[in-house]
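Trainee: Just need the structure, nothing else, for what follows:
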Amino acid sequence: MVSDQFFPKQGPFPLKEIIKEIDHITDLHNIKDYKIYGVNSLESANVNEMTFLNSLKYKDFSLKTKALACITSPSFSKFLPKKCIKINSRNILFAVTQVTKMFYPNSDVDYPDKKLSDSSKLKKKYARVNFGKNVLIGENVSIGSQTFIGSNSIIESNVKIGSNCVIGSFVTVKNSFIDNNVNVKDGSKIGTKGFGFIPFKDKNFRIPQIGRVILEEGVEIGANCTVDRGSITDTIIGKNTFVDNQIHIAHNVKVGKNCMIAAQVGISGSTIIGDNVIIGGQAGISGHLKIGNNVKIGGASGVTRNIPDDSQVMGYPAIPLRDFAKLRKKNEKKFN
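Mentor: Residues are numbered from 1 along each chain as shown. This next block holds a predicted model:
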């Protein structure tokens with residue numbers, strides 16, 4: 001969800017003022033000048049906020065959205081409630097980028113936290129926390145008892161870390177909530193800006209990233225991993241999921257409970273992974289996919305489409321394991 005805690009918010013703005021600032025093809029004469037208090041996802045937006053619809057993959061959410069207005073296209077408008085004001089645009093994502101920057105002007109770049117203090121000066125506040133050397137802590141940080149923060153790590157302002165956690169050395173945590181009994185190993189970066197860009201008129205523009213990272217209870221993040229914060233929704237790693245070393249988890253990804261993800265896996269943005277999923281090393285998973293519960297993905301596989309519950313897949317593109325075995329056997333006969 002959108003977090004005003006990490007990103008200072010501007011507004012509200014009159015709806016007509018917002019529309020005039022974006023690339024739109026909407027007749028303003030028939031629109032009342034409501035005030036808009038923020039931008040949010042289809043499922044989370046309230047009656048005073050704007051949202052956007054750029055794909056029918058989100059039709060189930062769009063039909064039920066409570067948003068006052070939605071940036072979309074004429075072909076998608078029919079999948080929105082009648083009371084939702086449709087703001088048609090030639091380039092939906094670029095328009096959303098413009099609106100988000102109005103409300104959160106500093107969210108498209110990871111500016112360094114200027115309010116860091118050396119943990120050695122905060123011993124009274126964090127009496128039950130164990131710190132290594134050269135640890136920097138931001139303002140309004142909450143850290144539970146018996147948590148250890150390794151040397152040369154940075155915990156930026158407004159981050160929450162639970163009890164009995166181990167945060168290794170050279171770790172950076174920003175824009176994140178970490179539950180109890182979480183282990184983040186050396187060198188990992190949690191809550192950094194995702195790789196969100198939109199090309200428009202021969203130039204690339206950064207898409208603001210105003211979500212968070214949520215690491216649920218018992219999660220383990222290996223060494224030198226990156227977990228990007230959400231763009232509008234949160235990036236979430238579910239309870240008791242173990243992530244190996246050198247793994248990248250992109251913005252808006254949702255990983256379920258009790259998953260095992262081996263080294264050098266890459267998971268692209270907005271993909272949803274179910275519970276009890278096992279992903280072999282160096283597998284790549286495309287964005288905006290749904291991976292069901294109890295799925296097993298073989299090492300070095302390339303996943304380019306949704307995978308239903310209880311499936312086993314392997315190869316590039318990933319296919320059912322039984323088909324992969326037959327194909328490999330056929331190729332072995334062909335080349336031997």
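Trainee: Need the distance between the two termini of stretch 50-58.
Mentor: 16 Å (C-alpha to C-alpha, to the nearest Å).
Trainee: Give me the residues contacting it.
Mentor: Residues outside stretch 50-58 that contact it (C-beta atoms under 8 Å, 6 or more residues apart in numbering) are 18, 36, 38-42, 45, 62, 65, 67-73, 76, 79-80, 87, 92-93, 95-96, 99, 288. Every C-beta, even on glycine, is put in place using the N, C-alpha and C of the backbone.
Trainee: Go ahead and confirm residue 8 touches residue 104.
Mentor: Yes. Assessed by C-beta atoms under 8 Å, residue 8 is found in contact with residue 104 at 7.5 Å.
Trainee: Please say which of the two ends up with more neighbours.
Mentor: residue 104 (23 against 11; other C-beta atoms under 10 Å).
Trainee: Buried ones in stretch 88-97, by neighbour count?
Mentor: Residues 88, 89, 91, 92, 93, 94, 95, 96, 97 are the ones in stretch 88-97 that count as buried (16 or more other C-beta atoms under 10 Å).
Trainee: er, stretch 197-209 actually
Mentor: Across stretch 197-209, burial judged by 16+ other C-beta under 10 Å covers 198, 200, 205, 207, 208, 209.
Trainee: and if you look at stretch 258-268?
Mentor: Buried residues in stretch 258-268, counted by 16+ other C-beta under 10 Å: 258, 259, 260, 261, 262, 263, 264, 265, 267, 268.
Trainee: Nearest to residue 277 among those residues?
Mentor: Relative to residue 277, the closest of those is residue 259; by C-beta to C-beta it sits at 4.6 Å.
Trainee: any idea how this protein splits into domains?
Mentor: 13-103, 117-324 (automatic domain parsing).
Trainee: Make TSV out of the ones you listed and add distance to residue 331 and mean pLDDT.
Mentor: Formatted as TSV, the domains of the chain follow (distance: least, C-beta to C-beta, whole Å; pLDDT from 0 to 100):
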stretch	distance to residue 331	mean pLDDT
domain 13-103	35	91
domain 117-324	11	97
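Trainee: could you redo these as JSON lines and give each row distance to residue 330?
Mentor: As requested, the domains of the chain are exported to JSON lines (distance: least, C-beta to C-beta, whole Å):
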{"stretch": "domain 13-103", "distance to residue 330": "35"}
{"stretch": "domain 117-324", "distance to residue 330": "11"}
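Trainee: out of those domains, which comes closest to residue 110?
Mentor: Of all the domains of the chain, it is domain 117-324 that lies closest to residue 110, at 4.7 Å by C-beta to C-beta.
Trainee: Distance across that closest one, terminal residue to terminal residue?
Mentor: Counting by C-alpha to C-alpha, the terminal residues of domain 117-324 are separated by 54 Å.
Trainee: got it, and stretch 299-311?
Mentor: Separation of the first and last residues of stretch 299-311 by C-alpha to C-alpha is 15 Å.
Trainee: same thing with stretch 78-92?
Mentor: Stretch 78-92 end-to-end distance (C-alpha to C-alpha) = 16 Å.
Trainee: How about stretch 89-109?
Mentor: Distance between the two ends of stretch 89-109: 25 Å, counting by C-alpha to C-alpha.
Trainee: now that stretch: how far from the chain's centre is it?
Mentor: Mean-position distance between stretch 89-109 and its chain equals 17 Å (C-alpha atoms, centre = their mean, to the nearest Å).
Trainee: Residues contacting that stretch, please?
Mentor: Residues outside stretch 89-109 that contact it (C-beta under 8 Å, 6+ apart): 7-11, 13, 18, 21-26, 38-39, 50, 52-54, 71-73, 87, 193, 198, 200, 205-210, 232.
Trainee: re the thing from before, so which of the buried residues of stretch 258-268 is the closest to residue 185?
Mentor: Nearest to residue 185, judged by C-beta to C-beta, of these is residue 263 at 12.0 Å.
Trainee: Three-state assignment for the closest one, please.
Mentor: Three-state call for residue 263 (DSSP: H, G, I helix; E, B strand; the rest coil): coil.
Trainee: I'd like the distance from the residue nearest to it when sequence neighbours are not counted to residue 313, if you could.
Mentor: Leaving aside its sequence neighbours, residue 263 sits nearest to residue 244 (C-beta to C-beta, 6 or more residues apart in numbering; 4.3 Å). Applying C-beta to C-beta, to the nearest Å, the value for residue 244 to residue 313 is 19 Å.
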